[in-house]
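Asks: Quick one, structure for this:
(one chain, ligands or ions: 2)
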Amino acid sequence: MSGTRTFTMIKPDAVKNQHIGPILERITSSGFKIVAMKLTQLSERDASLFYAVHKERPFFSELVDFMTSGPIVAAILEKENAVDDFRMLIGATNPAEAAEGTIRKLFAKSIGENAIHGSDSDENAEIESAFHFSGREQF
Ligand code: ATP
Ligand code: MG
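Replies: Ligands and ions are numbered 1, 2, ... in the order given. As a prediction, the model looks like this:
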């Protein structure tokens, strides 16, 4: 059975553009419960580690620059089938390809600056949650 938790970040573009409120509203009205949440800023080391899987990709340094460019909101979310349902809610990586009504369609400008992150597996949801929150903060 699929897991009940996923991890998200509202990315620097969306924070800068005052989209925290509307994005959280869409998340909670879609049935996700916020289990942990904080406004924080990633260091270069944090962003490089978080996106280490992409370190050989041509856009890696652009991605790290962007993710460290301002505050983000990190959160752990709970819902049945959390990972897949949240990826549906945020839409495709490239907002130009994201379905109508998805968070990226509504709030993102480009594939690089795409407003929000969602874990891609239960395993990564757990790793990413632990990366950003201590065990105690998750309860
Ligand atoms: P995320 O992991 O942030 O939720 P994703 O799973 O939809 O996004 P990934 O393939 O994991 O997409 O890419 C991670 C991030 O790297 C993307 O969200 C985007 O910010 C950036 N990225 C991916 N592809 C490109 C690209 N071709 N050009 C610029 N940036 C990109
Ligand atoms: Mg990803």
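
Asks: in stretch 36-55, what's buried?
Replies: The neighbour-count check on stretch 36-55 (16 or more other CB atoms under 10 Å) flags 36-37, 42, 46-48, 50-51 as buried. C-betas here are computed from N, CA, C, even on glycine.

Asks: Centre of the chain to that stretch, how far?
Replies: In this view, stretch 36-55 has its centroid 11 Å away from the chain centroid, taken as CA atoms, centre = their mean, to the nearest Å.

Asks: rewinding a little: can you redo the buried residues of stretch 36-55 as a markdown table with pLDDT and distance to Val83?
Replies: Supplementary listing: the buried residues of stretch 36-55 in a markdown table, determined by pLDDT from 0 to 100; distance: CB to CB, whole Å:
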| residue | pLDDT | distance to Val83 |
| --- | --- | --- |
| Ala36 | 97 | 16 |
| Met37 | 98 | 18 |
| Leu42 | 98 | 22 |
| Asp46 | 96 | 22 |
| Ala47 | 97 | 21 |
| Ser48 | 97 | 23 |
| Phe50 | 96 | 17 |
| Tyr51 | 96 | 18 |
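
Asks: Dump these into JSON lines; add secondary structure as well.
Replies: Written out in JSON lines, the entries for the buried residues of stretch 36-55 read as follows (DSSP: H, G, I helix; E, B strand; the rest coil):
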{"residue": "Ala36", "secondary structure": "strand"}
{"residue": "Met37", "secondary structure": "strand"}
{"residue": "Leu42", "secondary structure": "coil"}
{"residue": "Asp46", "secondary structure": "helix"}
{"residue": "Ala47", "secondary structure": "helix"}
{"residue": "Ser48", "secondary structure": "helix"}
{"residue": "Phe50", "secondary structure": "helix"}
{"residue": "Tyr51", "secondary structure": "coil"}
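
Asks: Between those, which sits nearest ligand 1?
Replies: Distance from ligand 1 was checked for each of the buried residues of stretch 36-55 by CB to the nearest ligand atom. The minimum falls on Tyr51, at 6.2 Å.
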